[in-house]
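Trainee: Sequence and predicted model, in that order:
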Amino acid sequence: MSSISSKWVPKQRDYVSEHKQFNKPTTVTTNHPLGVIVASKQQTVTSTTSSPIIDPLSAKISQVDIDPLSRALSAAISTNKKESSDGIAATTPDTFEPWSSKKSLILNQYSTTKKISMTTAMNNTNDEATIDNSKASDMTTTSERIKNRLEQLDAFEGGQQTQSLTQQEYINRINEMSRDMSQAWKSDQRVKTLKIAIQCCKLLADMNVMEFYPSKFCLITDVLDTFGKMVYTRLLEKCAPPNGKIPDRIVIDLVPETTRETARNWFYKIAIIRELLPRILVEAAILKCYNFLSATHYQSTLVQLVKMCRGIGDPLVAAYARCYICRVSIDIDFKHREPIEVAFTDLCQSFHQITTPTVKNLYASQKLTTSIYLSLYSPALDWVVQCLLHKLDDKKIEQMINKTKAGLDVPSGGIVLNALLNTLPPSHVRAKVQTYIGMINDCDEQYFPKSILYRSLGLSLLLSPPESTPSDIQILSSVWKVVTKFKDPSSYMACAEVWTELISKEYTIREVNTMIGDIIKHLTPDRAFEEYYGRLHAIMIKLLTNVEDFAALFSMDKILPFLDLFQRENVRVDIFKSILHAFVSRNSQEKTNDPVLIAAMIHCAKCVHDTLGALTNDDELREVSGLLSAIIRKVDYGKDVEQELKFCVEARGLFGYIDSVTITLIQKVNKLAISTYHNVNGVHSAATSSFIRACMAFCYITIPTLEHPLHKLQLYTLCSQTAYLNQSPSQGDGFLKTAITLLSEFPKQIEIEGKPISSDRYLYESITNIMGTLVVVPDNPDGSVLYLANGLSNVISQMKCFDEASETRALLLMNMLCFLTTQVQSTLPYHIPKVESNDTLYGNDENFINEIHQRLSRLCEQIIQILKDMGNTNPKRQSSLALEFFNRFIAHTDLSQPKCLKFVVNLWNLIQKNASPDTQKTAKRMLIAIEINSNSDQSFKHLLELLSGTMNETSRVSSRSSSTSNSIQSFNTGD
């Protein structure tokens, strides 16, 4: 060994003592170092005899009980509460369902595919239509003013145009009119704004497509609301003093006379509108402006407007007009119920018109039945009843129920009962559920469908939790003996969707199974299920959400026939995805070994997997792979590891298309091997050894099916570590050999998250991981010394994926130097239990040590040559790479050897010549570390003296004429 000439002489290391030196003692703390320190009031009391100097940072601690951010947040919250408590009008309570939430449901429910006619006036934009408001001041008589206002409204009259539009085109046209109205207002064209609002109101009188009317009402009243807000905001601005702030509330005594006159002018203009419906709706839209004239005048006006609705001939139009007035009444004064009571009474009395030939012919001409026509009243009646019943005492509620019960045989009976079920407190409905079931049975089916009533009853029961679970079976029996007789699948499914959710929440799995069977019975004839895929999907989602025991759910004999109803491929895939999502998200930590549940989940996963192909987009592929991987991870057979390995083999055959799922299976099998190792406490029997070999064989066969080379490399390394841990060195060697062979053909770029990226960084991490594994890998008796490490070193030197300018090859060769240094130690830094590593096999054999020294010398020469070549192309990178070499050199070599010391000094000089700012900072930190180690190590102390002398000498030299090549040549004098 003494005859070997090398610059790298490994030093002997005691890893145990080094570990103790760096393993500093720790203490447990209960306070977060960055947490807020809150001083108690007792701690802030200071003595009167203390120093007169006050600490500015602690002077106000006694006033601070929380951190500044929390204090600011609480102040903001209190300010918001104060502002909200100072509102102008009485607002509705939180339990009151606002119109905005109802509006979205109405727009979704009431749609049409028919053409909708729209008749609008063509605006005259000539100069003659411009209104001269200056003449108004010269008019003294009332007749002259009325005549002038009529001229203003008629000035924008042109011809009329009628269009047939689709539903979406109609919606777009209404939105366009709303934008035109806002633009006209911004342009100070007040009369044009009013004219557009009137045109919108006239559209509500058009009944050519009745099934769309509730949605039309929502769209047009949005325009009216915008109009009302613009007028009110304008009047509020006129109340502000010159250059003053707009007031937050209206004080009648402080309203200027000009503002009052403007408000009156608006109401006068509206009062002379010829058509009754626009006059009612537009006045209702700006009714809040009465607050500028009187504090209570709006109350009598609301009642008057409701009574004016009696003059509207069409009962459906009149119902929604009353609904809008009730909306306005709620916004202005929630406590004023008189207009709502009048509206409800008039609305109920108007239902007798439905039986008249005129109305019958009207909805019959559009092929609507009486029950469908009556259902169009539901949104308006529901809103009126909600306004009427909210915060009403129990006595009045009971009177209203009794009145409804007495009139169930009239046309209005069913629809009023439906409004009550939708509006009454759910707890009240549940308490008297049998009463309401009887009332539903007494209703006349020809006027209002019982399916809607039973659906409303179910929705109300869903909102009120039962007193005990399971609920009274008598309730379900009373309802379902009627519902199951429905012949129309649409009526049946309307109830089944709601009551299935109720049953899954409040009853046992037996009732759920019976319910599913009844649904199959009703939808199988004439393949009716094809029309209700959406509702069937919703029913399945509710079952997955509410049934806690998945195994019991999929053990029902009716669940598979129910899933067979989803025969269209895309619908079938969607429902199976929903099932997988529900199973995965139920409890991520919960495992299962139930064979029925596993079989069901694998069946769903297989159907979803088989739909994937070359045209599948990345998002869907990512979603499906995540689901399948999660399903695989949730399967756990406990100590029956052979059954779990069998499951992985079957899953590999089913889900081989997706690489990420294959990786999950490989990792699962590795986990199986590790769990087996722990179960036997590292002492394998013949049976467990055979099982470990089977696991490793599974991985060895499966990894080549992957496409991504980096995944292959990482998994080969992982499996080798698992094999060595389980005392299977031959299989571990096989994994490492394959990994090293894979490196020789590794590409320059790999795809990460869909983007091509240089493979250097990932290769550096993976190869370093392999070296760390090789530290404890024993040599094969049939092979040469460190044959795996020698093969890895040769592959690193010959890899084509590294560019000539890349530092990765040199860094890996430096790491190989560190690896070989550990092999000459008498004891390795770590071991695998029950596996004899090279320190035991060779026992510091001289031939073994000489072989390693020869390899160290060859590697050193390779690295020096790389540094020389880099000096001619990129001196700064040469400097940073030399610093990496310097770091490893002083950590692993014997600095007491003169040749090592001289070489490291030359290496330091090379670093200083062309160092970048970052390299200089790192070098300074490294010098500090050397200084710290010099206190306990004489070799580091001597090195520090040499490096300090070199730096002082360098600082005195003003000219750096020596070339980098001369500095490199000095490496050769290290011997």
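Mentor: Cool, the structure landed.

Trainee: Looks like T484 contacts I519 (just checking).
Mentor: No. With contacts counted by C-beta atoms under 8 Å, T484 stays clear of I519, the gap being 10.1 Å. Yep, even glycine has a C-beta here, placed from its N, CA and C like the rest.

Trainee: Please say which of these two ends up with more neighbours.
Mentor: I519 (24 against 14; other C-beta atoms under 10 Å).

Trainee: The more buried one reaches A538, doesn't it?
Mentor: No. With contact taken as C-beta under 8 Å, I519 and A538 are classed as non-touching, separated by 12.0 Å.

Trainee: Grab the nearest non-local neighbour of A789.
Mentor: Residue nearest to A789 in three dimensions, not counting chain neighbours: L774, with 5.2 Å by C-beta to C-beta, 6 or more residues apart in numbering.

Trainee: What's the per-residue pLDDT of N935 here?
Mentor: pLDDT, N935: 87.

Trainee: Name all residues that make contact with it.
Mentor: N935 makes contact with K941, according to C-beta atoms under 8 Å, 6 or more residues apart in numbering.

Trainee: how would you label it: helix, strand or coil?
Mentor: Per DSSP: H, G, I helix; E, B strand; the rest coil, the secondary structure class of N935 is coil.

Trainee: For it, give me the backbone phi and psi.
Mentor: phi -70, psi -30 (degrees, to the nearest 10).

Trainee: ok, now how distant is it from M601?
Mentor: 63 Å (C-beta to C-beta, to the nearest Å).

Trainee: Can you get me a residue count around S456?
Mentor: If you count neighbours by other C-beta under 10 Å, S456 ends up with 25.

Trainee: my read: it touches T423, true?
Mentor: No. Counting by C-beta under 8 Å, T423 is not a contact partner of S456; they are 9.8 Å apart.

Trainee: So in that sheet, which strands flank the helix or strand harbouring S117, and in what orientation?
Mentor: Secondary-structure assignment from DSSP states H and E places S117 in strand 116-121. Taking DSSP bridges as the criterion, strand 116-121 sits next to strand 160-165 (antiparallel) in its sheet.

Trainee: any idea which helix or strand comes after the strand it pairs with?
Mentor: If you walk from strand 160-165 toward the C-terminus, the next helix or strand you reach (DSSP H and E) is helix 167-186.

Trainee: That following helix packs against which elements?
Mentor: Using 3 or more C-beta pairs under 8 Å, 6 or more residues apart in numbering; DSSP states H and E as the contact test, the elements touching helix 167-186 are strand 116-121, helix 190-203, helix 213-238.

Trainee: Direction-wise, compare that helix with helix 213-238 and give the angle.
Mentor: Counting by axes from the mean of the first three to the mean of the last three C-alpha atoms, to 10 degrees, helix 167-186 lies at 10 degrees to helix 213-238.

Trainee: Show residues contacting helix 167-186.
Mentor: Against helix 167-186 from outside (C-beta under 8 Å, 6+ apart): 111-113, 116, 118, 120, 163, 165, 192-193, 196-197, 199-200, 203, 212, 216, 219-220, 222-223, 226-227, 230.

Trainee: Only whichever of those are buried, select them in PyMOL.
Mentor: One line in PyMOL is enough to select the buried ones among the contacts of helix 167-186; burial here means 16 or more other C-beta atoms under 10 Å:
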select buried, resi 112+116+118+120+192+193+196+197+199+200+203+212+216+219+220+223+226+227+230
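
Trainee: Quick check: which ranges of the stretch 151-300 of the chain have low pLDDT?
Mentor: 151-160, 242-244, 247-249 (pLDDT under 70).

Trainee: make it 80
Mentor: Applying pLDDT under 80 to the predicted model, the residue ranges of the stretch 151-300 of the chain that meet it are 151-161, 240-254, 295.

Trainee: okay, now V433: neighbour count?
Mentor: The burial metric for V433, expressed as a neighbour count using other C-beta under 10 Å, is 20.

Trainee: Could you number the chain from 152 rather than 1 from now on?
Mentor: With 152 as the first residue, the last one maps to V584.

Trainee: Please identify the nearest residue in space to K985, excluding sequence neighbours.
Mentor: Excluding its sequence neighbours, the residue lying closest to K985 (C-beta to C-beta, 6+ apart) is Q878, at 5.6 Å.

Trainee: any idea of the pLDDT on that neighbour?
Mentor: Q878 carries a pLDDT score of 93 in this model.

Trainee: H835 is in contact with that one, correct?
Mentor: Yes. Counting by C-beta under 8 Å, Q878 sits close enough to H835 to count as a contact (6.2 Å).

Trainee: does L1032 belong to a helix or a strand, and which?
Mentor: Secondary structure assigned from DSSP H and E places L1032 in helix 1026-1043.

Trainee: so the closest residue in space to L943 that isn't next to it in sequence, which of the three states?
Mentor: In space, not counting the residues next to it along the chain, L943 is nearest to I891; the distance is 5.3 Å by C-beta to C-beta, 6+ apart. Taken by three-state DSSP, the conformation at I891 corresponds to helix.

Trainee: which residues does I891 contact?
Mentor: Neighbour list for I891: I921, L939, G942, L943, V946 [criterion: C-beta under 8 Å, 6+ apart].

Trainee: If we use 10 Å, what do you get?
Mentor: Neighbouring residues of I891 by C-beta atoms under 10 Å, 6 or more residues apart in numbering: 864, 867, 918, 921, 925, 939-940, 942-947.

Trainee: so can I have TSV of the residues you listed showing pLDDT, distance to Q517 and neighbour count?
Mentor: Putting these into TSV (pLDDT from 0 to 100; distance: C-beta to C-beta, whole Å; neighbours: other C-beta atoms under 10 Å) gives the following:
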residue	pLDDT	distance to Q517	neighbour count
L864	96	71	25
Y867	96	72	25
I918	95	77	25
I921	96	78	22
L925	94	84	20
L939	93	85	22
A940	92	87	24
G942	93	85	18
L943	94	83	22
S944	93	87	23
N945	92	87	12
V946	93	81	19
I947	92	82	25
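
Trainee: about what we covered before: got TSV for the helices and strands packed on helix 318-337, with distance to S563 too?
Mentor: TSV is the format used below for the helices and strands packed on helix 318-337 (distance: least, C-beta to C-beta, whole Å):
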stretch	distance to S563
strand 267-272	28
helix 341-354	26
helix 364-389	18
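
Trainee: The ones you listed: which one's closest to N416?
Mentor: Judged by C-beta to C-beta, the one of the helices and strands packed on helix 318-337 that comes nearest to N416 is helix 341-354, at 9.4 Å.

Trainee: Great, nothing more from me.
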